[in-house]
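Asker: the sequence and its predicted three-dimensional model are supplied below.
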Amino acid sequence: MKAWQSFETQLAPFAVKSLISKGRRHAEREDPNRSPFARDRDRIVHATSFRRLEYKTQVFVNHEGDLFRTRLTHSMEVAQIARTLARNLRLNEDLIEAIALSHDLGHTPFGHAGQDALNECMRPFGGFEHNLQSLRIVDELEERYGAFNGLNLTYETREGILKHCSAVNAQKLGELGERFLRGEQPSLEAQLTNIADAIAYSNHDIDDGLRSKILTIEGMREVPIFARSHDEVRAQYPSLSGHREVLETVRRMISVMVTDLTRMTQHRIQVLGIQHVADVRLAPPLAGFSDELKEQMKALKSYLFVNLYRQYQVLRMSRKAQNIIQDLFEVFMQDPRLMPPDYLVDKDEAQTEWLQARRVADYIAGMTDRYAMKEHRRIFALGVME
Ligand code: MG
């Protein structure tokens, strides 16, 4: 038995294991050294779209400061939290890491403002959704292998990437879309990554928000879950101040959330007698916080919404991002020849306009923040000839 196979025998009965995997879209020989899910994770780490995350906005535009989170560091923090959850519940760490590292691959430049703007542009052509785009990247757009397009990931990693999906889109996605039509849940690894995402951004946005001075500690103390951890820090280190005080608080908050989530998920697994991945799929969502923590998370999110994401400094950046994306979309639709030739659709293909719009969206969504700004300058700035 290989090392990774014996590792999988120690997992919980309801963990996803390679033996029960629904496999890859294109059959491949097994890797002698790695489980199929470890191989997925490694393919993601080597993918071009993964490296682009370094220069994509999370909340703060990449060039605003060197210390703010980017999509890359966000994805790594999600993976770190997700792995802890998987280890504690004896779930498949390779799989959860693969899902976490790929969950934001489809994001446009400029964070949610970019996604909203591109979705608006794409409205007549079926819309744009970053979650579906992540799947499109790993299934089609990455070009690395001789035998197939995309990364040819396992069903279980792809299922984890596709967090949500409309019924219309689900019908087009074959086996992967079926669970949405049947109202079934994904694996626990997928469910937990989704919540690890929320834990990661809720906490690092506090850190970044305070660092940027848009948030203040006094203001944050209105949020009970922050105030409680902050009180603990003050009691333990009365003379601590500045950013260390913030970081000591945030690390305690992450711990409170991870502990509650682990305990409650374990509790639901026991109460419902979950024995197998098949039970996980048919049960109601098993991964989740206690009611008390759910309330506290809600309070935190709404505080951040009003006091960070809707502050003028962030809104200005969002408006600029919208303009850049709208301009690029319009000009590429008017004349697709302005894009690199790979993105041109054959004129004789049926539904040319829809296909062309999708390729324009692929091109724009793949851009980093600074590449989008550069493209905009190249095309629109008078006096710039590059
Ligand atoms: Mg995320």
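Answerer: Sure thing, it's come through.
Asker: low-confidence stretches in the stretch 151-300 of the chain?
Answerer: Across the stretch 151-300 of the chain, nothing is flagged by pLDDT under 70.
Asker: that one against the ion: which residues are in contact?
Answerer: The stretch 151-300 of the chain comes close to the ion at residues residue 197, as judged by CB under 5 Å from the ion. (Each C-beta comes from the backbone N, C-alpha and C, glycine too.)
Asker: contacting residues around the closest residue to the ion within the stretch 151-300 of the chain?
Answerer: Residue of the stretch 151-300 of the chain nearest the ion, by CB to the ion: residue 197 (4.3 Å). Contact analysis of residue 197 by CB atoms under 8 Å, 6 or more residues apart in numbering lists 78, 100, 103.
Asker: what is the nearest of those to residue 347?
Answerer: residue 103 (36.3 Å; CB to CB).
Asker: how many other residues sit next to that closest one?
Answerer: A count of nearby residues for residue 103, using other CB atoms under 10 Å, gives 27.
Asker: ok, it - contacts?
Answerer: Contacts of residue 103 (CB under 8 Å, 6+ apart): 75, 78, 134, 160-161, 163, 193, 197.
Asker: and the pLDDT for it?
Answerer: On pLDDT, residue 103 comes in at 96.
Asker: check which helix or strand the residue of the stretch 151-300 of the chain closest to the ion maps to.
Answerer: Using DSSP states H and E, residue 197 falls within helix 188-211.
Asker: centre of the chain to the very next helix or strand once past that helix, how far?
Answerer: Sequence order places helix 217-220 as the next helix or strand after helix 188-211, per DSSP H and E. Mean-position distance between helix 217-220 and its chain equals 28 Å (CA atoms, centre = their mean, to the nearest Å).
Asker: residues contacting helix 217-220, please?
Answerer: By CB under 8 Å, 6+ apart, the list of residues contacting helix 217-220 reads 206, 210, 226-227, 230, 245-246, 303, 307.
Asker: what's the angle from the longest helix along the chain to helix 188-211?
Answerer: Longest helix in the chain, counting residues (DSSP state H): helix 242-271. Between helix 242-271 and helix 188-211, the angle comes out at 160 degrees (axes from the mean of the first three to the mean of the last three CA atoms, to 10 degrees).
Asker: got the buried residues for helix 242-271?
Answerer: 245-246, 248-250, 252-254, 256-258, 260-262, 264-265, 269 (16 or more other CB atoms under 10 Å).
Asker: who are the packing partners of that helix?
Answerer: Secondary-structure packing of helix 242-271 (3 or more CB pairs under 8 Å, 6 or more residues apart in numbering; DSSP states H and E): helix 71-89, helix 188-211, helix 224-236, helix 291-304.
Asker: same for the next helix or strand after that helix, what does it pack against?
Answerer: Later in the chain than helix 242-271, the nearest helix or strand by DSSP H and E is helix 277-282. Judged by 3+ CB pairs under 8 Å, 6+ apart, helix 277-282 is in contact with no other helix or strand.
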